[in-house]
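Engineer: Mind looking at a prediction? Sequence and model below.
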Amino acid sequence: MEVDEGAHGKRPPPPPVNKLYAWYQAYTLEKAVPKLKDNTVARVILDGKRIGDGGAKAIGAALEHNTSLKELHLNNNEIGDAGAAAIGAVLGHNSSLQVLHLSYG
């Protein structure tokens, strides 16, 4: 196995990739929801995707049984009261989510 020799000398190879991704930059809501449902992601970033209330409701439903997500970014998504309520209702059941970014709807 090749070892990278940088300015700080030899570095060990990166750890093997396991099923749980450290983070997931979602390009669409359709790609993010399955990752939430199958518990394979710890951080999802969906900033500025215009998911609206319908998308927020889909995320809320996916979070109901999710045990892996620690951080969720939903800034600038045109989420109104109904979408925020759908996500908020799940927070009482979801014990893994630690950080929720939901500014500017």
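Structural biologist: Okay, I see it.

Engineer: Where does pLDDT dip in this protein?
Structural biologist: The chain contains residues with pLDDT under 70 at 1-27.

Engineer: Helix, strand, or coil at the most centrally placed residue in it?
Structural biologist: Nearest to the mean C-alpha position of the chain, by CA atoms, centre = their mean, lies V44 at 1.8 Å. Here V44 is recorded as strand under DSSP: H, G, I helix; E, B strand; the rest coil.

Engineer: and for stretch 98-105, what are the contacting residues?
Structural biologist: Residues from elsewhere that reach stretch 98-105 (CB atoms under 8 Å, 6 or more residues apart in numbering): 47, 70-80, 84, 87, 91. In this view, the C-beta of every residue, glycine as well, is placed from N, C-alpha and C.

Engineer: Tell me which two in the residues you listed are the farthest apart.
Structural biologist: Spatially, the most separated pair among the contacts of stretch 98-105 is K70 and G80, at 25.5 Å (CB to CB).

Engineer: now stretch 50-63: how far from the chain's centre is it?
Structural biologist: Stretch 50-63 has its C-alpha centroid displaced from the chain centroid by 12 Å (CA atoms, centre = their mean, to the nearest Å).

Engineer: That one: which residues count as buried?
Structural biologist: 51-53, 55-63 (16 or more other CB atoms under 10 Å).

Engineer: For it, list the C-alpha coordinates in CSV.
Structural biologist: This file holds the C-alpha atoms of stretch 50-63, laid out as CSV (Å, rounded to 0.1, in the frame of the first residue of the first chain):
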residue,chain,number,x,y,z
ARG,A,50,-36.4,24.9,-2.6
ILE,A,51,-37.9,21.7,-1.1
GLY,A,52,-40.9,23.6,0.4
ASP,A,53,-43.5,22.1,2.8
GLY,A,54,-43.8,18.9,0.7
GLY,A,55,-40.1,18.2,0.9
ALA,A,56,-40.0,19.0,4.6
LYS,A,57,-42.9,16.6,5.2
ALA,A,58,-41.0,13.9,3.3
ILE,A,59,-37.9,14.5,5.5
GLY,A,60,-40.0,14.4,8.6
ALA,A,61,-41.5,11.0,7.6
ALA,A,62,-38.0,9.7,6.9
LEU,A,63,-36.7,10.9,10.2
